[in-house]
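Chemist: Show me how the following folds:
(one chain, ligands or ions: 1)
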Amino acid sequence: MPNLNSPRLILSPEKTNFYFSDFERLLAQLLAAEFIGKELDSAGNYRCFDLGESFLHQITFLGCSPTIYSDADPENRDIFVSIAQHDLIQFAHSSSMPPARCPHCHKTDSNWQQYFQHWTESAELTETCPQCGKKFHFTEMKWKKNGGYGRLLIQIHGIQEQLAIPNQILLDELEKITNTRWVYFFAS
Ligand SMILES: [Zn+2]
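Modeler: Sure, this is the predicted structure:
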């Protein structure tokens with residue numbers, strides 16, 4: 001089974017609660033755009049894909065680009081795409097200390113792990129920012145590019161933090177398909 005927790009670049013709608021009614025059409029369009037290629041074994045509820053022929057037109061590697069089209073055994077390949085849509089909002093973050101910020105005052109808040117714990121116990125809880133005193137939900141915290149939320153997630157595995165970014169053409173394509181704006185962040 002492909003390793004879903006490898007370092008990855010994640011694309012998701014800007015509205016974290018966004019749910020796309022036609023998931024199969026999204027996959028078909030990404031296949032037609034040659035962003036994804038052959039389907040690999042699934043992992044949990046993630047559908048996994050090889051890279052499509054035009055993948056490198058849609059993602060820019062900063063620094064040295066890895067060998068991404070390899071003949072390696074598909075089970076062990078490092079770079080692949082996984083896509084899923086979840087019933088509940090998911091959270092992912094990079095292993096470097098994420099600068100979680102209050103959605104109101106944008107000051108960093110080191111209590112985020114506690115908020116995360118609360119959220120896993122009850123998604124409805126609100127927190128109170130120790131700096132501005134305003135209330136917010138954990139899923140409203142701001143992470144810059146070091147973490148994020150979403151129900152509909154496109155993950156590109158095998159990408160170290162900040163080493164690749166989606167091209168505008170890909171973000172535009174996703175927006176055209178789903179009729180909502182997309183953002184990206186890194187997780188590991
Ligand atoms: Zn605040």
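
Chemist: Give me the below-cutoff pLDDT ranges for this protein.
Modeler: Applying pLDDT under 70 to the chain flags the ranges 64-77.

Chemist: residues from it in reach of the ion?
Modeler: Taking C-beta under 5 Å from the ion as the contact definition, the chain meets the ion at Cys102, His104, Cys105, Cys129, Gln131, Cys132. Yep, even glycine has a C-beta here, placed from its N, CA and C like the rest.

Chemist: Count the residues that sit near the residue lying closest to the third one once chain neighbours are set aside.
Modeler: When the adjacent residues along the chain are set aside, Cys105 lies closest to Cys132, with 3.8 Å between them (C-beta to C-beta, 6 or more residues apart in numbering). Other residues near Cys132 number 13, with proximity taken as other C-beta atoms under 10 Å.

Chemist: Tell me if His57 really is in a strand.
Modeler: No. Secondary structure of His57 (DSSP: H, G, I helix; E, B strand; the rest coil): helix, not part of a strand.

Chemist: how about it, what does it touch?
Modeler: Contact criterion C-beta atoms under 8 Å, 6 or more residues apart in numbering gives Asn167, Ile169 as the residues in contact with His57.

Chemist: List the residues that contact Asn45.
Modeler: Under the criterion of C-beta under 8 Å, 6+ apart, the neighbours of Asn45 are Ala84, His86.

Chemist: let me redo that: Thr128
Modeler: Thr128 makes contact with Lys134, Lys135, according to C-beta under 8 Å, 6+ apart.

Chemist: Please name the bridge partners of it.
Modeler: Thr128 has the following beta-bridge partners by DSSP bridges: Lys135.

Chemist: Drop anything exposed from the residues of the chain next to the ion.
Modeler: Neighbour-count burial (16 or more other C-beta atoms under 10 Å) is assigned, among those, to Cys102, Cys129.

Chemist: okay, now Thr180: neighbour count?
Modeler: Here the neighbour count serves as a burial measure; for Thr180 (other C-beta under 10 Å) it reads 13.

Chemist: surely it meets Asn17?
Modeler: No. Applying C-beta atoms under 8 Å as the test, Thr180 and Asn17 come out as separate, 10.7 Å apart.

Chemist: Can you report phi and psi for Glu34?
Modeler: For Glu34, the backbone dihedrals (degrees, to the nearest 10) come out as phi 60, psi 30.

Chemist: Please read the previous query as pertaining to Glu175.
Modeler: Dihedral angles phi and psi of Glu175 (degrees, to the nearest 10) take the values phi -70, psi -40.

Chemist: same question, the one 3 residues further on
Modeler: Recorded main-chain torsions at Thr178 are phi -100, psi -10, according to degrees, to the nearest 10.
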